[in-house]
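Visitor: Give me a model of this one.
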Amino acid sequence: MLLNVLVVHDGAVEAASGALVASAATTHVKKVATVVGTQTSLRAFTQSRPSSSSDGSPSQTPKRPRLLSRKGATLHLYDPVDVSDHTPCTIIHNFLPPDDADRLLVEMLEESKTFGKMTFKLFENTVQSPHTSSFFVGSAVEQTAQKCDYVYNGARLTDVRRLTPQLEHVRPRVQEAVNAEIQTRIRTRYPGGQKLKHQSPAPWHPNAAFVNCYDGPGESVGWHSDQLTYLGPRAVIGSLSLGVAREFRVRRVVPKDDDPGRGDAQQPPRQDASGDAEGQIAIHLPHNSLLVMHAEMQEEWKHSIAPAVAIDPHPIAGRRRINVTYRDYRPAFHPRHTPRCRCGVPTVLRVVQRRRENWGRYFWMCHAGHVPGQEGCSFFQWAEFDDDGNPIWSGGGGGGEEMNAASAANTTHPNK
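Guide: Here you go, the predicted model:
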């Protein structure tokens, strides 16, 4: 808590001390001896006057509090209002009725016994995901399509399951909550109270779910943005946490031009300060919490589940955390519509995050090179969308370029 207040006041001890003294009259901090920890809201130290228009009336878009994280530091957030103010997410604690949450947890713990680790190629090395997972869809038709048509990390999934009874049971509640949070976000956070460019105006309809199991404090997932290929631009994801509480870390992506000529997609990005230029924010995800990753998340931020030093065991899950990420697979992004590379594989949709001159532009590229034992091609094609995120195809979705493929591939880290 003291570190966070110092961060807010740019390291000024006197200013931080004054804020603590002023807050002490109205705020009582309860000390809790747990690994997960608690804290008071940072709002007491970051209140700013509401912005107003030229005629003195409140503006349509409230002034957003300045980002509190700092380079090289991790800011820990627990309060839902703090999370909404300082990250591209909102969180709802105690989301499901307790019995529903426990039933879903028990069901997923049983399912997770047969989860597997994904294997893929990363910079010429074959690696496995540091946790187990599986994929769930709503119907037998969708199950067949996912196995035969869809491609992930350049390969097809073999473990595609039907949504279980409890996953189906909670899905409408997740859908209702996420749609409500989307509208609140647009109304209170986005310029002019309008949706973002390329964000779909259609209601969010979760028709698939990736379920991850983190067994123990050492299991994790590194920094990444979720794949947009079948979700489209400005995607929203509803993430339900069950079992052991873990830290969900986010950091803003800051564009940084690399050295001229450093465009080799087969070499890992340099470990310089650009990846942590604005620091990290840790959102604490307790059992039965719903995190909504909003439309600005995947393009402008990265997220991870870091290894933990210690965890508080859960009475049902023990040391395991179950994470259910509900997603809206849009029909316009079915692989039958998207470009295919010269390998004959449906391409992956990515966004430029590191090259300042093309920051925020989307592109299609070959993903076959991420399959162990396979080499990808240099296919590259800029992606075009209308204001609502619908794809605009030129030349029937084919074509493509080779000259910029390697450079573009180096704009983001591989997606999950």
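Visitor: Show the contacting residues for residue 375.
Guide: Residue 375 makes contacts with 368-369, as judged by C-beta atoms under 8 Å, 6 or more residues apart in numbering. (Glycine included, C-beta is placed from N, CA and C.)
Visitor: 342 is where my numbering starts, stick with that
Guide: Yes, from this point I'll number from 342; that puts the last item at residue 716.
Visitor: Where does it sit, in terms of helix or strand?
Guide: Residue 716 is part of no helix or strand when elements are defined by DSSP states H and E.
Visitor: Let me see the confidence value for it.
Guide: The per-residue pLDDT reported for residue 716 equals 76.
Visitor: From residue 567, how far off is the residue nearest to residue 516 when sequence neighbours are not counted?
Guide: Excluding its sequence neighbours, the residue lying closest to residue 516 (C-beta to C-beta, 6 or more residues apart in numbering) is residue 547, at 5.6 Å. From residue 547 across to residue 567, the span is 14 Å (C-beta to C-beta, to the nearest Å).
Visitor: ok, these two, which is more surrounded?
Guide: In this comparison of residue 547 against residue 567, neighbours counted by other C-beta atoms under 10 Å, the higher total goes to residue 547 at 22 against 19.
Visitor: Can you show me the strands along the stretch 392-541 of the chain?
Guide: In the stretch 392-541 of the chain, the strands defined using DSSP state E, counting those that start in this stretch lie at 415-418, 430-433, 460-463, 466-469, 473-478, 501-503.
Visitor: Can you list the strands that the shortest one pairs with?
Guide: Under the criterion DSSP bridges, strand 501-503 sits next to strand 473-478 (parallel) in its sheet.
Visitor: Listing request: residues of the chain with sub-threshold pLDDT.
Guide: Residues of the chain that meet the criterion pLDDT under 70 lie in 342-411, 461-468, 597-618, 711-715, 736-757.
Visitor: Show me the domain layout of it.
Guide: The record's domain split for the chain, according to automatic domain parsing, is 343-407, 439-673.
Visitor: What is the end-to-end distance of stretch 549-565?
Guide: With C-alpha to C-alpha, to the nearest Å as the measure, stretch 549-565 spans 20 Å from end to end.
Visitor: Tell me the buried residues in it?
Guide: Taking 16 or more other C-beta atoms under 10 Å as the basis for neighbour counts, the residues of stretch 549-565 that come out buried are 549-556, 558, 560-564.
Visitor: which among those residues gets closest to residue 579?
Guide: Nearest to residue 579 among the buried residues of stretch 549-565 is residue 550, at 9.1 Å by C-beta to C-beta.
Visitor: Could you please name the strands the helix or strand encompassing that closest one pairs with and the direction of each pair?
Guide: Per DSSP H and E: residue 550 is located in strand 549-556. Each strand that strand 549-556 pairs with, and the sense of that pairing, follows from DSSP bridges: strand 473-478 (antiparallel), strand 661-668 (antiparallel).
Visitor: Show me what the very next helix or strand once past it is packed up against.
Guide: Scanning the chain past strand 549-556 towards its C-terminal end, the next helix or strand to appear is strand 562-565 (assignment: DSSP H and E). Judged by 3 or more C-beta pairs under 8 Å, 6 or more residues apart in numbering; DSSP states H and E, strand 562-565 is in contact with strand 642-646.
Visitor: export the strand it packs on as PDB, just CAs?
Guide: Below are the C-alpha coordinates for strand 642-646, written out as PDB (Å, rounded to 0.1, in the frame of the first residue of the first chain):
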ATOM      1  CA  TRP A 642      -2.100  -4.200 -24.000                       C
ATOM      2  CA  LYS A 643      -0.500  -7.500 -23.100                       C
ATOM      3  CA  HIS A 644      -1.400  -9.800 -20.200                       C
ATOM      4  CA  SER A 645       0.100 -12.700 -18.300                       C
ATOM      5  CA  ILE A 646      -0.300 -15.000 -15.400                       C
END
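Visitor: Quick one: residues in contact with it.
Guide: 428-429, 472, 555, 561-566, 587-594, 634, 638, 664, 754.
Visitor: Give me the angle between that strand and strand 661-668.
Guide: If you take axes from the mean of the first three to the mean of the last three C-alpha atoms, to 10 degrees, strand 642-646 sits at 150 degrees to strand 661-668.
Visitor: just to revisit the earlier point, buried ones only from the contacts of strand 642-646, please, as a PyMOL command.
Guide: If you want just the buried ones from the contacts of strand 642-646 in PyMOL, going by 16+ other C-beta under 10 Å, the selection is:
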select buried, resi 428+429+472+555+561+562+563+564+566+587+588+589+590+591+592+593+594+634+638+664+754
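Visitor: Pipe the strands of the stretch 392-541 of the chain into TSV and attach mean neighbour count per row.
Guide: Formatted as TSV, the strands of the stretch 392-541 of the chain follow (neighbours: other C-beta atoms under 10 Å):
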stretch	mean neighbour count
strand 415-418	21
strand 430-433	23
strand 460-463	17
strand 466-469	12
strand 473-478	20
strand 501-503	17
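Visitor: Could you export those strands as TSV, including distance to residue 707?
Guide: Converted to TSV, the strands of the stretch 392-541 of the chain look like this (distance: least, C-beta to C-beta, whole Å):
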stretch	distance to residue 707
strand 415-418	36
strand 430-433	31
strand 460-463	13
strand 466-469	18
strand 473-478	22
strand 501-503	23
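Visitor: For residue 520, which of the ones you listed is the nearest?
Guide: The stretch from the strands of the stretch 392-541 of the chain with the least distance to residue 520 (C-beta to C-beta) is strand 430-433; that distance is 12.3 Å.
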